[in-house]
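Participant: predicted model, plus sequence, below.
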Amino acid sequence: MRFPQKVASSAVQAELKTITQKDVKDCYQCMKCSSGCPFVADMDYKPHQLMLLTKLGLFDQVLKSRSLWVCASCLTCSSRCPRDIEPAVIIEGFRAMVLREKSDDKIQAFHKPGMPRQALIASMRKNRR
Amino acid sequence: MLGYYPGCTVRAQKDDGFERESMAILATLGIPALDLSEWECCGAVYPLTKDEYAPLLSSVRALKRTGEENRQGLLTLCSACYHVLKRVNNRMQNDEVAKKRVESYMGASYDGSTKVYHLIEVLQDLVGLDRLKASVVKPLTGEKIACYYGCLFLRPKEVMGLVDAENPQLMEKIVEAMGATAVTYAYRTDCCGAFHSFQKEQLSQNASQRIILAAKAAGATQMVTACPLCKYNLEHCQKDLALKDRLPVRYITAPMVEAMGGLTALEQGESARQTAN
Amino acid sequence: MRIGVFICWCGSNIKNTVDVERVAQEIKKLPHVVYSSDVQYLCSEVGQSEIGRAIDEHKLDRVVIGACSPRMHEGTFQQVMISKGLNPFYVEIANLREHCSWVHTDKEKATIKSIDLVRKAVAKTKHAIPLYSEQLGVNKRALVIGGGIAGIQAAIDIADAGYPVDLLEKESSIGGKMAQFDKTFPTLDCSACILTPKMVEAATHKNITLLTSSQVEGVSGYVGNFNVTIRRRATSVRSDLCNGCGECVTKCPKKVDNEFDQGQSKRKAIYTLFPQAVPNKPVVDRENCTYFKTGKCGLCKRVCTAGAIDFDMQDELVERAYGAIIVATGFDLNKPTHLGEYHYGQHPDVITSLDLERMLNASGPTSGKVMRPSNGQKPKRVVFIQCVGSRDKHKGNPYCSKVCCLYTAKHALLLGEKFPDMESYIFYIDVRAAGKNYEEFYEKARRQGAKYLRGQVSKVESLGDAENRLLVRGFDGSLGEQVEIEADLVVLATSIEPKADAKQLASMLGISSDQNGFYTEAHAKLKPFETQTQGVYLAGVCQGPKDIPEAVTQASGAAAKAIIMFNKGQVKSVPTTAIVNQDLCSGCMQCKPVCPYEAISKEQVAERVAGQTRQRVVATVNRALCQGCGACAGLCRSGAMDIGGFTSRQLLAEVDSL
C-alpha cells in the first residue's frame, strides 16, 4: 500500500482515545495478541496488524476491515498483551466509531430455532446502534 | 437467601433443565435462592467502550434490587451473565465517573455492596467441596469429563478472578468430587465463538470444533459447561457427525444431579424437607 | 568586592534562545560587577583562559558564570579559580541552559529570565564564604560483597595491586551463577573450566581472605573508613580440621531438593555446593538436618575421621574496617508462575533456561542428558520462548534481560550438536546480538538448524494426549499466520531480577536502587560503577543485566577505583557540608534525629561567662558523613546550622534579588 499523505486527523485520534482510554503507542509488535486469537484465520487484518495501523494513523484501513466484525471480544488478546494495550478495547473503539457514524445496519433479521437468544442480543449490541 | 438472576436464555430454555437442576442441587445443600422480584436481560455483553453508560443500567438495577430485597448475594448460572454483572459491579465500585452518571440517570444510588455469585462459586465458597463430596450417592466412576468454562467466565482475571484464568481447576474439582476423572485438553480456555453463531456461523463452528476435537483427542466421554450459548455452539458444531461420534455436551449440573441420586430424588427430598418445616 | 560575570553562548544552545550580549550588559549595571562579557564556549581552553585573564587584569575576587548546569562544569570552573589562587567556592553558576534556554521558546521572556537568574547568582556570591576540603585517611583494605565472577575479578585485581581484600560470599562456595552454567557464549568455553582457575587464584592469593557462608549485617562509617559487621554463619564443620574427604556427605541419610540444580535433583543435608566448590568443605543445612530437627542421627560426626563436625558451632559476628566496598551480589532468575499462559509449574515439561543449563551440564541432575522431566525420555521437539516476563509492562519487568537471546541461541546450538535429530524452535520478538562475535554466533545457531519464528507465544497448554505433550500456540510474522507446535519440552527464557534482599543491602550501604531493584550508578554513561555514596562501587548484574565480559570489565573498573583511592592514601571530603556556629548553637540537639546520615553528635565546649568557666553542650557535625542535605539547617531554631555554599544569608539574598 502507498501511505497516504495525511494520516488520521488528531480529532479522530482523540475520539478513539476518549472511547477506549487506551494508547497503542507502546505496541512493539510482539504478535502475542494474534498468537492467541481464536478467530484470526477469518480476519483480513490480524490484531497485531490492526494495532500497527492504528499506531501509524492509518485509520481508514482499520475502519474498512472485516476484522472488526469477526472479533468476538473474548479478551484473550487483552489478557496476554505485555504492554497493557488491550487490543479488544481498541477494536471495540473502532466498531463504535463505525456504528455511531453510519447507522449501518449489519443485522439480518431472522430467527434460528434452538439458538440461545443471548446470541441475538449480543449480536445486536456488537453490530448495531 | 440468595437473590437469583436467571438470565434471559436460561429462563427461556427452561426445558434444558439447567435451572431446575441447579435449584434442586442448591436446595439439597441448604442454599436457598429466590428470583429477584423484577429483572431485565443484562445485555449479554459488557461494553468495552469507556464513554457509554446506558448498557450498564439493567445490571445496576438488578444489583441494587438484590440489596433492597435483603439477599445475601446475587446468584447467576450463566457465564455470560456472571461476566456482565460482575464487571458492572466492579465498575460501579471503582469508577467514580461511571457511578455518578448511572446514578443520576437512574435517579437512585447504588453503593456497590452486592456480591455476585456464580453457581460453582457458591458450591466452593458457601457449600464447600467436602460437603459436596459427601452428598454423592452414585459416583460417576469411569466418566472422563472435559470442563469448559467459556471465555467470559475467566477474563479479565483482575475482575473475574474466581479461578486461575489460564489453568482453571474449579469445575474439575467438582466433577472429581462427583467421582469422575477430569480431563485436561488443549484450547480449553478459548472462546467457543459466542454470538457469531447467529450471523457468522462458520466462525463459531470452527472455534467450537477445535475445542471438541481436542477434548475427544484427550479421551473425554462428555463435556460440561455453564453457559447456554457455549453449550449450543459446542453441540451444534458436531451436527454433521454421526450420533455415536458426537461428544455429549451438558450443563455442569447434569452429572452432579446424576451423582447425587437423580433429579426426582433431589426434588422429593427437598419437598419432604419443606413439608417437615 | 570585585565580581566578574561571564555569560556563555554554549555554541547555539543558549545563544539561540537567549540574547547573551544583553544579559552581560544588564548585569554590568549591578553594584560590584566590574567586568561582564559573553563567550562562545566558556568550558573550552579558550574560555577558561579568558576567565583567568579577566581575573588577573581586573583583580576579580568573585566570579559568576551563566552557562550549562553545574553538573557539567562546576569542577572545570572551580579549577580555574584554584589556579588563580581564589577559593573554589567563590564561583557561582547560574544555569541558563537546562533551566532556561532548553525549556523555553520565547526569546524575550527567556532573556529576561536569564537576567534574573544571573542577578540571583550575583546576589548569592556576595555572601559566599570560603570552604576547604579536608583530607581523610583511608583504610587500605577492600571488601567485595559477592563471590561470583564479578566479585572474584574485582578481588583479584585489588589483591594484585598489593592491597588486602575480603571476599564475602553468602553461599558455602564462591563461583556464583557462572558455576551453574555449562558453556558460555560465544566461544562455547566450558563455564567451569574458565571459572575455576579464577576461583583457585582467589582462594590461594596471599592478599585475599575468603569469607564464605557469610553475609553483611550492618555498615557504618564513610569513604575510606567503613565499619562492617559480618555474620559468619555456623556451618557446623570446622574448616581448619576438615580435609574434604567427603565421607560425611556419602553417609548422610537425609535428602533435600538441590537448589544448585534448580530443584531437579537431591543433595544431602550435609553437602558441598558443587564438585569444584571453593572452599571444598561441606556445610550442614541446619533447617533440614535430622540432627538439628529431632536430635537423632549425627552420623556425619561419627564417620568423620578428622573430628571436624561441630554441632555446637554458633554464628559469629565479626567487625572489620574497610576503605572501599565493592558490591557484586549478582541476580536471580525469575520463575514465571505469575504468567499462567506459559503453564510453568503446572506441567513438568515447562522449564526455565537455567533448568536446561543444569541438565546440559555434565555434573548436573541428568549427567548432561537432556530429557523430559515428565518421563525421562529424550525430547524430539523443543520449543524455546524468549522474553518471558521481560519487556513486559503489564505483568512482568519492563526491562530487557539482555543475555537471553544469546543464551537461547547457545542452547539451540548445543542441543543441535548433541542430539542432531532433535528439532528446536525459537519464538522471539527481537533478537539482540550486539556484543563482539554475537551476530556470528546467532548465525551459527541458525545454521545448526535452530528454527527462529518471529512472534510471541500466547499459550502453552497440555494436549492431554498419551505422551503428555504440550501445545505451543504462537505466531510467525513472516508467514503471517498462527503456528502451533506439539512440543515435548518447552524452555522459557525468564527475566533476570535483582536478589530478594538487594534493597536491604542497599539501605545498609547507603546506596540507592532504581524502580526495578537494580543498584543505581552515579552516572549512567560516565560513571557506570560508582554510586552516589563515595567509596561504594558496583560490579556485575546487581547494577543491571549484562553478560560475562561486561561484568568482568565493570569489576576491574570498580577495582581500579578502589586502588586509586588506596594509592592516594587519602580522600578529599566534600566541603559543602553542614557547619555549626557553636556560638549561636543552643545545644537543643533537634538537628540530631533529622540527620539521615547520623552525622551530628553532641560536643562539650568550654567558655568563660561572667568570670567563670562553663561547660556547654553544642552540636558538632562529622563532615565526612554529612552529605549536605540541609535538613538540620532548615530545622535549626537558633540559626546556628548552615550549609557551606548554601548559607541562609546566601539563599535569602537570592530571594531578595528577584
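Facilitator: Right, received. Where do you want to start?

Participant: which residue ranges make up each domain of chain C?
Facilitator: C:3-126, C:135-225+C:321-329+C:502-572, C:234-314, C:331-497, C:578-657 (automatic domain parsing).

Participant: okay, those domains in CSV with mean pLDDT and distance to residue B:178 next?
Facilitator: All C-beta spots, glycine's among them, are computed from the backbone N, C-alpha and C. Formatted as CSV, the domains of chain C follow (pLDDT from 0 to 100; distance: least, C-beta to C-beta, whole Å):
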stretch, mean pLDDT, distance to residue B:178
domain C:3-126, 93, 69
domain C:135-225+C:321-329+C:502-572, 95, 46
domain C:234-314, 92, 35
domain C:331-497, 94, 19
domain C:578-657, 90, 62
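
Participant: let me have those in JSON lines, extended by mean neighbour count and distance to chain A.
Facilitator: Listed next are these as JSON lines, based on neighbours: other C-beta atoms under 10 Å in any protein chain shown; distance: least, C-beta to the nearest C-beta, whole Å:
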{"stretch": "domain C:3-126", "mean neighbour count": "19", "distance to chain A": "21"}
{"stretch": "domain C:135-225+C:321-329+C:502-572", "mean neighbour count": "21", "distance to chain A": "15"}
{"stretch": "domain C:234-314", "mean neighbour count": "17", "distance to chain A": "25"}
{"stretch": "domain C:331-497", "mean neighbour count": "20", "distance to chain A": "3"}
{"stretch": "domain C:578-657", "mean neighbour count": "16", "distance to chain A": "36"}
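
Participant: so which of those gets nearest chain B?
Facilitator: domain C:331-497 (3.0 Å; C-beta to the nearest C-beta).

Participant: what about that closest one, distance to the chain center?
Facilitator: 29 Å (C-alpha atoms, centre = their mean, to the nearest Å).

Participant: who's in contact with residue 10?
Facilitator: By default, I'm working from chain A. Listed by C-beta atoms under 8 Å, 6 or more residues apart in numbering or on different chains, residue A:10 has no contact partners.

Participant: my question was about chain B
Facilitator: With C-beta under 8 Å, 6+ apart, residue B:10 has these contacts: B:16, B:18-19, B:77-78, B:81, B:228.

Participant: state the mean pLDDT of whichever strand or helix holds it.
Facilitator: In this assignment (DSSP states H and E), residue B:10 forms part of helix B:8-12. Across helix B:8-12, the average pLDDT comes to 89.

Participant: could you check how far that helix is from the centre of its chain?
Facilitator: Relative to its chain's centre, helix B:8-12 lies at 12 Å (C-alpha atoms, centre = their mean).

Participant: counting by contacts, list what the helix or strand just after that helix packs against.
Facilitator: Once helix B:8-12 ends, the next helix or strand along the chain (criterion: DSSP H and E) is helix B:18-28. Under the contact definition 3 or more C-beta pairs under 8 Å, 6 or more residues apart in numbering or on different chains; DSSP states H and E, helix B:18-28 sits against helix B:8-12, helix B:119-122, helix B:253-259, helix B:263-276.

Participant: closest one to residue B:144 among the domains of chain C?
Facilitator: domain C:331-497 (9.8 Å; C-beta to C-beta).

Participant: could you tell me the end-to-end distance of that closest one?
Facilitator: End-to-end distance of domain C:331-497: 6 Å, with C-alpha to C-alpha, to the nearest Å as the criterion.

Participant: can you show me the strands along the stretch 1-150 of chain B?
Facilitator: B:2-5, B:33-35, B:74-76, B:116-118, B:144-148 (DSSP state E, counting those that start in this stretch).

Participant: average pLDDT for the last one?
Facilitator: Regarding strand B:144-148, the rounded mean pLDDT is 95.

Participant: mind saving the C-alpha coords of it as PDB?
Facilitator: Extracted C-alpha coordinates of strand B:144-148, given in PDB (Å, rounded to 0.1, in the frame of the first residue of the first chain):
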ATOM      1  CA  LYS B 144     -13.900 -38.700  31.800                       C
ATOM      2  CA  ILE B 145     -15.300 -35.300  31.900                       C
ATOM      3  CA  ALA B 146     -13.800 -32.300  30.000                       C
ATOM      4  CA  CYS B 147     -14.800 -29.000  31.700                       C
ATOM      5  CA  TYR B 148     -15.400 -25.900  29.600                       C
END
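
Participant: so, in contact with chain A or not, it?
Facilitator: No - using C-beta under 8 Å from any C-beta of the partner chain, strand B:144-148 stays clear of chain A, with a minimum separation of 13.2 Å.

Participant: give the other helices and strands that that strand contacts.
Facilitator: helix B:170-177, strand B:181-183, helix B:201-217, strand B:222-225.

Participant: most tightly packed of those?
Facilitator: When the helices and strands packed on strand B:144-148 are scored by mean count of other C-beta atoms under 10 Å in any protein chain shown, the highest mean neighbour count falls to strand B:222-225 (a mean of 24).

Participant: and it with chain A, contact?
Facilitator: No - using C-beta under 8 Å from any C-beta, strand B:222-225 never reaches chain A; the gap is at least 12.0 Å.

Participant: quick one, strands of the stretch 1-150 of chain C?
Facilitator: Counting by DSSP E, counting those that start in this stretch, the strands of the stretch 1-150 of chain C are C:3-8, C:33-39, C:62-67, C:91-95, C:135-137, C:142-145.

Participant: possible to save the helices and strands packed on strand B:144-148 as TSV with mean pLDDT?
Facilitator: Converted to TSV, the helices and strands packed on strand B:144-148 look like this (pLDDT from 0 to 100):
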stretch	mean pLDDT
helix B:170-177	94
strand B:181-183	94
helix B:201-217	93
strand B:222-225	95
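
Participant: let's have these in CSV, adding distance to residue C:575.
Facilitator: Below are the helices and strands packed on strand B:144-148 laid out as CSV (distance: least, C-beta to C-beta, whole Å):
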stretch, distance to residue C:575
helix B:170-177, 67
strand B:181-183, 73
helix B:201-217, 73
strand B:222-225, 76
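
Participant: test my guess that residue A:90 contacts residue A:16.
Facilitator: Yes - Residue A:90 lies in contact with residue A:16 (C-beta atoms under 8 Å); the separation is 7.5 Å.

Participant: give me the more crowded residue out of the two.
Facilitator: Between residue A:90 and residue A:16, counted using other C-beta atoms under 10 Å in any protein chain shown, residue A:90 has the larger neighbour count: 26 against 21.
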